[in-house]
Structures are given as C-alpha cells and as structure tokens.
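>>> next come a sequence and a model predicted from it.
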Number of protein chains: 2
Amino acid sequence: MMKNNLKAVVLLSGGIDSATTLAIAKDEGFDVYALSFRYGQRHAIELEAAKRIAQQVKVAEHVIIDVDLRRIGGSALTADIAVPKSRSIEKMGKDVPVTYVPARNTIFLSYALAWAEVVGADDIFIGVNALDYSGYPDCRPGYIFAYEQMANLATKAGVEDGRKLKIHAPLIEMSKSQIIIKGIELGVDYSLTHSCYDPSATGEACGECDSCLLRLKGFNDAGVKDPVKYKNEI
Amino acid sequence: MMKNNLKAVVLLSGGIDSATTLAIAKDEGFDVYALSFRYGQRHAIELEAAKRIAQQVKVAEHVIIDVDLRRIGGSALTADIAVPKSRSIEKMGKDVPVTYVPARNTIFLSYALAWAEVVGADDIFIGVNALDYSGYPDCRPGYIFAYEQMANLATKAGVEDGRKLKIHAPLIEMSKSQIIIKGIELGVDYSLTHSCYDPSATGEACGECDSCLLRLKGFNDAGVKDPVKYKNEI
C-alpha cells in the first residue's frame, strides 16, 4: 500500500466541534476524507450541515454511513425518550445525560479506522471535547488514548505494515469559546453548522436543549454572534 | 441500572467458532443476547445459520444489525475481489488474506459494547481464534486485551457505574479441532453452522476456500465427520 501520511479521516457531524476539527486537519495539510453517520438521530438536519461543510472546504471524499443504532436503543437522540430542556447551563445535569448514545464514539471511530485502512490514512480526527461535555465518558483523553492503543493492534496497517495510527482530538482540552475563536481564525463558516438536538421543522434551533445552551454560551464567551437562526430569536 | 452479571452479549456469525462460543457462554450460565451483522457479505447464508443456532439454543434475544461496510470497501468478502481458492492448507498464504475486512471485529465489538450497555451486560463473548487464522490482526490476544481496556473507558457502565466489562475470547488459543471437540461436548449441532466463503446457490460449501479447508481439517483432526454438505462431496 502506498505510504501517504497526508491523508486523514475526519469524523464530521455537522456541528461546531467537527467543523472546527475539519478546519484544523486541513490547516495541518491533510487531505481530508470526511465521514458522517446516519444513525436514526432525530436531528438528521445535522447531515445536511455536514454535506455543506464538506463541500465548502473541498474534502477529498465525504461518505455517509448508515448506522443502525435504533435496533440497540438506549438514548434520547435515537429512541423515544424526550430531549431534556434545561433552560440554563447551571441547571444542566452533571450526570451522563439521557442524550448519551451508548458507545457512539467507539462505533464511529471503528468505521473511521476501517476507512483509514482502506484509503491508506494514518490519521483520524475526532472533535470530542472533555471540558464542555464531561458527561460523556467517550469524550475524555484517557478514552482516546486507549482507543489509539487498541487501533494499532486492530489493523493490518498497525500490525503488519508497521505504520502508526494516530487519533487526533485537537479540541479535547478547549472550551467552546476557544473552539469558536480557533475556528474563526481558520475561516470556518459557522452559519453552515447545526447543533440543536430538537430543531423545528424548518431547521431553526430550539435554543433550549443542552447543545443549544452550550453553543450560545460559547459564542457569547467568544464575543461573537452565532450566525444560525433560533426559533424565538429576539 | 439493575446489576445483573448473568447477561452476556455474544457475537454470532453462524460459523463453528461463534456457535461454540455461544455454547460456552450458555454453559457458564449466561443469559445470551446474540448479535449478528448483515455487512454485505457474499456469504449471507451465514445469517440463516446464525438464526437457526440462536433459536436452537434459546437465546434471550437475537438482533441482526445492518453494517454498511460496502461504502468503505477493501475486502474480498464485501467487495468485488475474487475469493481465493487454495486447495490445500499448506498453500494458504501466511499474509493477511484478501478476505480480511478492515477493522471488522473492532466494528462488531463496538456494537456489542453499545448493546451490552443497554441490556446491562458486563460480558461480551467473541469467537476469535489466533492459531488457525493468525492472518487477521484483530484475532490476537493483545488486541482483545487492548479492546477491553478501551471498552472500560468508553461507557457509562465502566466509567460511572464502576462495573467491569470483560471481553471473553474463549477460543483464542484453541485449534479448530479442539474447538470442535469442545463444542460436541457441549452439544453444539454443527449441522446448523456455515463456514464457506463461496457457497453454491443452494447453500452447499465449496470445500476449497480457506474457511472450508480449515473447517474440514478441524473435523478431520477431531476424528468427526463434518455434518454440512459440500458441493463435490464423494
């Protein structure tokens, strides 16, 4: 297999974090293979955002994989459980939220690993963030490191070809406002992104779910106006 | 979440190894949640075998997940690459075979991990085997151990609830004939299993692909007649 360190698989959900991660990978000189998932999420509108972002930044390829998480269940994002509305950051639970999808990042990274092996990429980028969303266990540095260790034993690339797979999580220690400031530096068009867990039929963000609250606080802290449209925007 | 150590998720492909692994999990007293995958494999007939086995041993639940590996490509089992016919064990390549599906076990274990979390299982069984098929990197003990380490950092169960997830690979050091002898002890009906990578339209095994050769050698070494039907059976 041709050695080409300039290819990277980037997980692209269509939100702020993955759009910024994609911009970081491009800025580091990688030819980007963007990977998104259709996993029965209520907010499938995210995928439209992912497509727009992938087109705008000219990725080498953008693949959307169907992932059948509904057969497994267990999350408000895919099952018939109400999305919680906290109305303030302070009132957001500190426990793992009901929007947690079991092993989601593990499943997504596993597809990324498979695709990295096929295209000959040694680098995988994921926009996880430990600070703003510590409720998700699979967004923490120890998890990412353990995944990388496993990945290097899992594939022909790591085991036979002596290549070293690296899982990049460039946002992991950044706050939402730091992420937004970094993205603006790199020219990310956040009007293309989508974060809301519970958008209106016309795609407007609810402004009340955990994801909207974190996003709005991030833009506020960064001193930048959020370019997306909210349902009850004043 | 209710603590119930008696549930286990078992990966069930419908071949000898997974049928035996399922019998071992049952023998150890686990209530089995069997998980199979439809991943564009040419030998989808395996899934029929998986269903028959799951019914016969009375699992608690059997779920078949659609996994979209064709979008990723890279294997003779899912893409348009000819399945190699070696005609003898000695002539089988020592390299990673073209039937290797990139990161397949990593993807499968990730779904198992998600389902284990949802049903409250602390145990996952996988029928990988390092001796007979050392060509696959993700069938080795170091890989399984690294996966278990990662899994314990990936999920709410491992991180928040202080539970310990265990990945069982009871066949990992066994030869095919040892596996078959163990299975017969436990009452496995191998006539229900399917191994061939390239079966005829009526489901007869080819007797020539790597998988058939290993199976036939296993039964031969165990001194037992293989109960499945082969195309050119004498």
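Good, I have the coordinates. Residues are numbered from 1 along each chain as shown, chains lettered A, B, ... in the order given.

>>> for chain A, name the helix or strand with the lowest mean pLDDT.
Least confident element among the helices and strands of chain A, by mean pLDDT, DSSP states H and E: helix A:156-159 (a mean of 68).

>>> ok, residue A:225 - contacts?
Counting by C-beta atoms under 8 Å, 6 or more residues apart in numbering or on different chains, residue A:225 makes contact with residue A:219. Where you see a C-beta, it was placed from the backbone N, CA and C, and this is true even at glycine.

>>> against chain B, how distant is it?
From residue A:225 across to chain B, the span is 36 Å (C-beta to the nearest C-beta, to the nearest Å).

>>> would you map the helices across chain A?
For chain A, the helices defined by DSSP state H occupy A:16-27, A:45-56, A:104-119, A:141-154, A:156-159, A:176-185, A:210-222.

>>> assess the claim that residue A:107 and residue B:108 are in contact.
No - with contact defined as C-beta atoms under 8 Å, residue A:107 does not count as touching residue B:108 (10.1 Å).

>>> so those two - more neighbours on which side?
Under the neighbour definition other C-beta atoms under 10 Å in any protein chain shown, residue A:107 and residue B:108 were set side by side, and residue A:107 has more, 27 against 23.

>>> mind naming the longest strand for chain A?
Across chain A, the strand with the greatest residue count (assigned by DSSP state E) is strand A:31-38.

>>> just checking, what packs against it?
strand A:7-11, helix A:16-27, helix A:45-56, strand A:61-66, helix A:104-119 (3 or more C-beta pairs under 8 Å, 6 or more residues apart in numbering or on different chains; DSSP states H and E).

>>> and the third one, anywhere near chain B?
So that's helix A:45-56. No - judged by C-beta under 8 Å from any C-beta of the partner chain, helix A:45-56 stays clear of chain B, getting no closer than 14.2 Å.

>>> now swap in the first one and tell me
No - with C-beta under 8 Å from any C-beta as the measure, strand A:7-11 is seen stopping short of chain B, the closest distance being 10.3 Å.

>>> which residues touch that strand?
Contacting residues not belonging to strand A:7-11 are listed as A:18, A:21-22, A:25, A:30-36, A:59-60, A:108-109, A:112, A:115-116, A:119-127, A:168 [C-beta under 8 Å, 6+ apart].

>>> can you report how many residues lie near the spatially closest residue to residue A:131 that is not a sequence neighbour?
Nearest residue to residue A:131, sequence neighbours excluded (C-beta to C-beta, 6 or more residues apart in numbering or on different chains): residue A:175, at 5.5 Å. The local packing of residue A:175 (other C-beta under 10 Å) involves 17 other residues.

>>> what's the separation between residue A:175 and chain B?
22 Å.

>>> would you agree that residue is in contact with residue A:221?
Yes - contact criterion C-beta under 8 Å: residue A:175 and residue A:221 qualify, at 7.1 Å.

>>> residue B:40 is nearest to which of the helices and strands packed on strand A:31-38?
Among the helices and strands packed on strand A:31-38, strand A:61-66 comes nearest to residue B:40, with 11.5 Å by C-beta to C-beta.

>>> list the buried residues for that closest one?
Applying a neighbour-count criterion of 16 or more other C-beta atoms under 10 Å in any protein chain shown, one finds A:62-65 buried in strand A:61-66.

>>> sorry, back to before: worst mean pLDDT among the helices of chain A?
Ranked by mean pLDDT, these bottom out at helix A:156-159, which scores a mean of 68.

>>> and for residue A:164, the neighbour number?
Neighbour count of residue A:164, defined by other C-beta under 10 Å: 13.

>>> the one 5 residues further on too?
Number of residues near residue A:169 (other C-beta under 10 Å) recorded here: 23.

>>> if I look at it, how far off is chain B?
13 Å.

>>> now swap in residue A:67 and tell me
From residue A:67 over to chain B the distance is 7 Å, taken as C-beta to the nearest C-beta.

>>> now do residue A:98, the pLDDT please.
pLDDT recorded at residue A:98 is 54.

>>> re the thing from before, ok, of the contacts of strand A:7-11, which come out buried?
A:18, A:21-22, A:25, A:30-36, A:59, A:108-109, A:112, A:115-116, A:119-127, A:168.

>>> residue contacts, the closest residue in space to residue A:171 that isn't next to it in sequence?
Of all residues not flanking residue A:171 in the chain, residue A:129 sits nearest, at 4.8 Å (C-beta to C-beta, 6+ apart). For residue A:129, the contacting residues are A:17, A:139, A:171-172, A:174, A:176, A:179, by C-beta under 8 Å, 6+ apart.

>>> for chain B, state which of the residues you listed is nearest.
Using C-beta to the nearest C-beta, residue A:139 is the member of the contacts of residue A:129 that sits closest to chain B, with 10.2 Å.

>>> which residues touch that closest one?
Residue A:139 neighbours (C-beta under 8 Å, 6+ apart): A:105, A:128-130, A:133, A:172.

>>> can you pull the pLDDT of it?
84.

>>> I'd like to know how many residues surround residue A:173.
Around residue A:173 there are 11 other residues, counting by other C-beta under 10 Å.

>>> torsion angles phi and psi at it?
phi -110, psi 10 (degrees, to the nearest 10).

>>> how far away is it from residue A:215?
Using C-beta to C-beta, to the nearest Å, residue A:173 is found at 19 Å from residue A:215.

>>> before we move on, what about residue A:229?
To residue A:215, residue A:229 is 13 Å away according to C-beta to C-beta.

>>> tell me, what's touching these two both at once?
residue A:205.

>>> of these two, which one has the most company?
Neighbours were counted for residue A:229 and for residue A:215 using other C-beta under 10 Å; residue A:215 has more, 27 against 14.

>>> list the contacts of that one.
Contact analysis of residue A:215 by C-beta under 8 Å, 6+ apart lists A:16, A:176, A:195, A:205, A:226.

>>> can we see that at 6 Å?
Residue A:215 makes contact with residue A:195, according to C-beta atoms under 6 Å, 6 or more residues apart in numbering or on different chains.
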